[in-house]
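**Q** just the structure for this:
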Amino acid sequence: RRGEKPDNETNQFATMPDLLLIDGGRGQVSAVKQALRGTALEHVPTFGMVKDDHHRTRAIVDDAGGEIAINRHRNIFTFVTNIQDETHRYANDYRKRMMHKKSYAATLTELPGVGPKTSAALLAHFKTVTAVKQASISDLEEVKGISHAKAENIYNALRQ
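**A** Numbers count the residues shown, from 1 in each chain. A predicted model of the protein is given here:
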């Protein structure tokens, strides 16, 4: 979506970035540039963060392989390192949320008659397993695809 032509009236991502900073070297930058072909982001300068042996960014690289050492430029180095740290933190938080969500879904799929689709529908509707457990039979029936009989089964199974 963000790569589509910007339309200030309908596209909330209409402001184009000044550059794209990729966590990876020349290969990753080339892959991103290829993926962006034909999009509004195609001509946005794209750079990769090259790491040293201690996984600290030492340089940035473009898709042609041109490398710019940043470890000697304190302000740039700090800026890029902060971006890398924040990206890493966000990715880890996202991964943890997804694993947590999957473990909740697995809890629900252990109930008789509840498979992945029903589990996903329950979590989409109630947001948490706790809320599903607190739901009445009529609350459970509000979820798309759950009949009265299935709602009763879920309700009873959660109270055993």
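
**Q** could you point out which element follows the longest helix along the chain?
**A** Under DSSP state H, the helix in the chain containing the largest number of residues is helix 74-109. Following helix 74-109 in sequence order, the next helix or strand is helix 116-126 (DSSP states H and E).

**Q** who touches that following helix?
**A** Residues from elsewhere that reach helix 116-126 (Cβ atoms under 8 Å, 6 or more residues apart in numbering): 101, 104-105, 108-109, 114, 129, 132, 135, 139-140, 142-146, 150, 154. In this view, the C-beta of every residue, glycine as well, is placed from N, C-alpha and C.

**Q** ok now it, how far from the chain's centre?
**A** Relative to its parent chain, helix 116-126 has a centroid offset of 19 Å by Cα atoms, centre = their mean, to the nearest Å.

**Q** send me it as CSV with only the CA atoms.
**A** The C-alpha coordinates for helix 116-126 follow below in CSV (Å, rounded to 0.1, in the frame of the first residue of the first chain):
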residue,chain,number,x,y,z
PRO,A,116,-8.0,-22.5,13.8
LYS,A,117,-10.8,-20.6,12.0
THR,A,118,-13.2,-20.6,15.0
SER,A,119,-10.3,-19.7,17.3
ALA,A,120,-9.3,-16.8,15.1
ALA,A,121,-12.9,-15.6,14.9
LEU,A,122,-13.2,-15.7,18.7
LEU,A,123,-10.0,-13.8,19.3
ALA,A,124,-10.9,-11.2,16.6
HIS,A,125,-14.3,-10.7,18.3
PHE,A,126,-13.3,-10.8,22.0
